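S.K.: Here you go, sequence then predicted model.
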Amino acid sequence: MKFDELDKKMRVFETAADYCVLPGLFMVARLDGRSFTRLTKEVCQFEAPFDQCFRDLMVATTESLMTCGFRVLYAYTESDEISLLFSLEDQLFGRKLRKYNSTLAAEASAKFSLLIGEVATFDCRISQLPSVELVVDYFRWRNEDAARNALSAYCYWTLRKECLDEQAATKRLLGLSVRQKNELLFQYGINFNDVPNWQKRGIGMYWEDYEKPAINPITGEDVVAQRRRIKKDYDLPMKDEYSEFVKRLL
């Protein structure tokens, strides 16, 4: 059998499960760290509940994903997860889901591993969203998830630092409302409103235009050049204000 015939015969098995995202559908990728609890608490021993060094590693990994060939309009990271909103015009890999999932997971895993000096892996899944409203709802969902998780994490680690073991701290928080969790923290001298916003709301990253002094290579005159850079927003709004913020990016 000639190679061309063999290649055609076997390629079918490799591509039979290919699914492409239809034109007009927004794609949002969500990447999650695999076994990051062990990595951050046992291997690297980052500070709990939040560590600025770990935050910076996630921001750097997110920035790498925004500049590795995809047309990313907006990126959002909280805890050990990253969400990426792609332009409707992004046609990389013919919009094949398996290529997006595998490439993004590989890029994030490689970048984070190099930064931290340990083996770290991410998984990836793509949401296909047919409207601007659903895109906004997606990021509103992750934003509010960040706030909920931050409150629970502060409560849990406050109790752990008060010498409660893992089981006792978990049991103490079981069934508590948001108001009750805030009261619990207040009893230990913590006002959750004073917690840094990046911990409660996550971090947004998007492109912005800026002006940079330059020299015209032909005339040698001083000019102002237009450039683009990634804006890192550590003070995101919440609720309806955040929804409007995401709409403006679209």
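M.R.: Yep, that arrived. Numbers count the residues shown, from 1 in each chain.
S.K.: before we move on, what SS does the residue nearest the centre of the chain have?
M.R.: If you average the C-alpha coordinates of the chain and look for the closest C-alpha using Cα atoms, centre = their mean, you land on residue 82, 1.6 Å from that point. Remark: residue 82 carries the secondary structure label strand [criterion: DSSP: H, G, I helix; E, B strand; the rest coil].
S.K.: got it, and residue 50?
M.R.: Three-state call for residue 50 (three-state DSSP): coil.
S.K.: Show me what the longest helix along the chain is packed against.
M.R.: Longest helix of the chain, by residue count under DSSP state H: helix 132-161. Helix 132-161 sits against strand 26-34, strand 72-78, strand 81-86, strand 121-129, helix 166-173, helix 178-187, helix 197-201, helix 239-249, with contacts defined as 3 or more Cβ pairs under 8 Å, 6 or more residues apart in numbering; DSSP states H and E. For the C-beta atoms, the positions are set from N, CA and C on the backbone; glycine is no exception.
S.K.: Find the least confident helix or strand in the protein, judged by mean pLDDT.
M.R.: When each helix and strand of the chain is scored by mean pLDDT, DSSP states H and E, helix 3-15 comes last, with a mean of 80.
S.K.: Identify the residues contacting residue 173.
M.R.: Residue 173 makes contact with 152, 155, 156, 159, 181, 184, according to Cβ atoms under 8 Å, 6 or more residues apart in numbering.
S.K.: With residue 157 instead?
M.R.: Neighbour list for residue 157: 48, 49 [criterion: Cβ under 8 Å, 6+ apart].
S.K.: and if we set it to 10 Å?
M.R.: With Cβ atoms under 10 Å, 6 or more residues apart in numbering as the criterion, the residues that contact residue 157 are 47, 48, 49, 50, 169.
S.K.: Count the residues that sit near the nearest residue to the third one once chain neighbours are set aside.
M.R.: This points to residue 49. Nearest-residue entry for residue 49: residue 153, 3.7 Å, with adjacent residues in sequence omitted and distances by Cβ to Cβ, 6 or more residues apart in numbering. With neighbours defined by other Cβ atoms under 10 Å, the count for residue 153 comes to 15.
S.K.: surely residue 153 meets residue 48?
M.R.: Yes: with contact defined as Cβ atoms under 10 Å, residue 153 and residue 48 form a contacting pair (7.5 Å).
S.K.: Enumerate the positions of the longest helix of the chain that are buried.
M.R.: 135-136, 138-140, 142-143, 146-147, 149-151, 154-156, 158-160 (16 or more other Cβ atoms under 10 Å).
S.K.: Run through this protein and note the low-pLDDT ranges.
M.R.: Within the chain, the stretches with pLDDT under 70 are 16.
S.K.: what do you get if the cut-off is 80, keeping everything else the same?
M.R.: Under the criterion of pLDDT under 80, the regions of the chain flagged as low confidence span 12-17, 222.
S.K.: Look up how far residue 12 lies from the residue in it sticking out farthest from the centre.
M.R.: For the chain, the largest distance from the centre (Cα atoms, centre = their mean) belongs to residue 1, which lies 47.9 Å off. In this view, residue 1 and residue 12 are 15 Å apart by Cβ to Cβ, to the nearest Å.
S.K.: again, but for residue 29
M.R.: Note on residue 29: its distance to residue 12, by Cβ to Cβ, is 27 Å.
S.K.: Residues contacting stretch 38-58, please?
M.R.: In this structure, residues lying in contact with stretch 38-58 by Cβ under 10 Å, 6+ apart are 33, 35-36, 77-82, 108, 111-112, 115-121, 149-158, 160-161, 195-196, 198-200, 202-203, 232, 234.
S.K.: swap in stretch 134-141?
M.R.: Contacts of stretch 134-141 from elsewhere in the structure, counted by Cβ under 10 Å, 6+ apart, are 25-28, 30, 73-74, 76, 83, 85, 127-129, 131, 202, 204, 236, 238-240, 242-247, 249-250.
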